[in-house]
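K.L.:
Need a 3D model of the following:
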Amino acid sequence: MWPFPINKKRKKLVDAASYISVKETTEEAEIEKMVSKLEDIFYSTSKEIVILCIGSDRSTGDALGPLVGKLLNERNIPYPVYGTLKEPVHALNIKKVLKKIYETHPDPFVFGIDACLGDERQIGFILIREGPFIPGNAVNRVLPSVGDYHLKAIVNTLDPLSPVHSLNSTRLYTVLKLAEIIGEIIERVAVNDQIPRGNEKKIIVT
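P.N.:
Now for the predicted structure:
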């Protein structure tokens with residue numbers, strides 16, 4: 001059962017992708033921009049929101065999802081979270097986990113989180129897009145599509161000849177920085193979700 005009363009005003013979702021670029025010092029305005037986008041998405045649905053963090057702790061680049069899941073659990077957000085460092089969701093168990101999600105949470109709103117590869121200029125970008133995504137697509141894995149909306153963070157450049165090497169050679173610092181920012185964004189949305197509309201308080205990163 002959804003843990004809070006549903007009295008949210010439905011908002012029209014923005015079709016275009018939203019993104020921020022994580023730099024050495026990410027501007028507060030950049031984080032607030034993504035918080036606002038995610039609030040529009042989460043507040044638009046009356047379904048139970050489920051966070052699905054995909055990835056493996058056996059690969060540095062692919063560990064983004066499990067790291068985000070761990071951070072969200074530590075912050076006690078009100079949304080169910082699947083995929084952590086302790087219990088990652090990856091190619092070998094994703095079908096089983098999806099089955100469990102839909103059995104445990106009837107008709108959920110699934111928000112997927114995953115790492116991806118891009119070009120050098122895109123490293124550090126966090127993007128939110130409508131619709132499902134296919135995890136493992138960059139490394140040619142045939143997996144089920146996931147999510148009503150999804151967030152992807154570009155952790156490294158794509159080597160078309162060896163995408164697995166790209167993930168394995170990703171800097172841990174980059175992955176941790178991205179995971180912390182994503183965790184911060186989702187936590188702010190969760191906190192604001194418990195405040196009656198019109199009484200929002202500004203949350204400042206310290």
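K.L.:
Spell out the residue ranges of the strands in this structure.
P.N.:
Remark: strands assigned in the chain by DSSP state E are 18-21, 49-53, 81-82, 109-118, 125-130, 149-157.
K.L.:
now for the fourth one, which elements pack on it?
P.N.:
So the one you mean is strand 109-118. Identification of packing neighbours for strand 109-118 by 3 or more C-beta pairs under 8 Å, 6 or more residues apart in numbering; DSSP states H and E yields helix 28-42, strand 49-53, helix 64-74, strand 149-157, helix 163-168. Any C-beta I mention is one placed from the backbone N, CA and C, and that applies to glycine too.
K.L.:
Can you list the strands that it pairs with?
P.N.:
Paired with strand 109-118 in the same sheet, following DSSP bridges, are strand 49-53 (parallel), strand 149-157 (parallel).
K.L.:
And the residue lying closest to Pro135 once chain neighbours are set aside, what's its pLDDT?
P.N.:
In this structure, Pro135 finds its nearest non-sequential neighbour in Ile54, 4.7 Å apart by C-beta to C-beta, 6 or more residues apart in numbering. pLDDT for Ile54: 95.
K.L.:
dump the residue contacts of Ile54.
P.N.:
Applying C-beta atoms under 8 Å, 6 or more residues apart in numbering to Ile54 gives the contacts Gly65, Gly83, Val89, His90, Ile94, Gly112, Ile113, Asp114, Pro135, Val146.
K.L.:
want to try JSON lines for the strands paired with strand 109-118, with distance to Met34 and mean neighbour count as columns?
P.N.:
Formatted as JSON lines, the strands paired with strand 109-118 follow (distance: least, C-beta to C-beta, whole Å; neighbours: other C-beta atoms under 10 Å):
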{"stretch": "strand 49-53", "distance to Met34": "15", "mean neighbour count": "24"}
{"stretch": "strand 149-157", "distance to Met34": "9", "mean neighbour count": "24"}
